[in-house]
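Novice: Give me the fold of what follows.
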Amino acid sequence: MENYFAGIAATIAAIVSLMNYYQSISMHKDNIRVSLWTRRFEVRPEKFLHIINRRGHKTVVVDYGFIDVDGYLHSMVVIDELDDMTGDTIVSSGSTVMEQPSDFFEAGFNGEPDYVVRGAFAVTSSREKIFIMIDSTIPLHSRIVVHLKILKNRINRFFTGAIIYR
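Specialist: Next up, the predicted model:
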């Protein structure tokens, strides 16, 4: 009977240690939430994206922007660098270097973009994952189509080197 309890205790200890190990590894991964709406209460007619940190360590957002109907990513970092040529001005608040959980960054156009916005994306410095959010106000089948177009563009980029950004 003692061997039975010792075996159960050892099994539970092994499971708990594996869970702790997995949690310690996953806590060092960046986790952000991307949305298309601002945290502010004033009414803004423009399209804004909102990025919030969900981890307790420093997270750096290196790229962010909007997704169009064809599943292409429009980087606001590139548009901000080409600001003089396009005439678009980007309004932002917060910092792309987020130290604490719940730190946020917002960015948007001062006007309407020249493409139909269907979602937002962000990329952090320590993960290659693209964090995506598709607009929830469009119908479900349209959201699925946009997800499939993004997947198609990423597969094309993998095999042919085609563009995923526009």
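Novice: quick one: the longest strand anywhere in the chain to chain centroid distance?
Specialist: Secondary structure of the chain per DSSP state E: the longest strand is strand 59-68. On the basis of CA atoms, centre = their mean, to the nearest Å, strand 59-68 sits 7 Å off its chain's mean C-alpha point.
Novice: Pull the contacting residues for Pro117.
Specialist: Let me fix one detail, which is that residue 117 is Val and not Pro. Residues near Val117 by CB atoms under 8 Å, 6 or more residues apart in numbering: 36, 47, 66-68, 135. For glycine as for every other residue, the C-beta is placed from the backbone atoms N, C-alpha and C.
Novice: Let me fix that, I meant to ask about Arg118.
Specialist: Contacts of Arg118 (CB under 8 Å, 6+ apart): 66-69, 134-135, 138, 142, 146.
Novice: okay, those in a markdown table with pLDDT, distance to Ile164 and neighbour count next?
Specialist: Shown next, in a markdown table, are the contacts of Arg118 (pLDDT from 0 to 100; distance: CB to CB, whole Å; neighbours: other CB atoms under 10 Å):
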| residue | pLDDT | distance to Ile164 | neighbour count |
| --- | --- | --- | --- |
| Phe66 | 90 | 13 | 26 |
| Ile67 | 91 | 10 | 27 |
| Asp68 | 89 | 12 | 19 |
| Val69 | 89 | 15 | 15 |
| Ile134 | 90 | 16 | 20 |
| Asp135 | 86 | 19 | 19 |
| Ile138 | 88 | 21 | 15 |
| Ser142 | 91 | 20 | 14 |
| Val146 | 91 | 14 | 21 |
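Novice: Most widely separated two among those residues?
Specialist: Using CB to CB, the contacts of Arg118 span at most 15.5 Å, a distance reached by Phe66 and Ser142.
Novice: The helix of greatest length in the chain - contacts with which helices or strands?
Specialist: Using DSSP state H, we find that the single longest helix of the chain is helix 2-26. The criterion is 3 or more CB pairs under 8 Å, 6 or more residues apart in numbering; DSSP states H and E, and there are no helices or strands that helix 2-26 contacts.
Novice: And for the following helix or strand past it, what's in contact with it?
Specialist: Helices and strands here follow DSSP states H and E; after helix 2-26, the next one along the chain is strand 32-35. Under the criterion CB under 8 Å, 6+ apart, residues 49-54, 59, 61, 64, 98, 120-122, 124, 131-133 lie in contact with strand 32-35.
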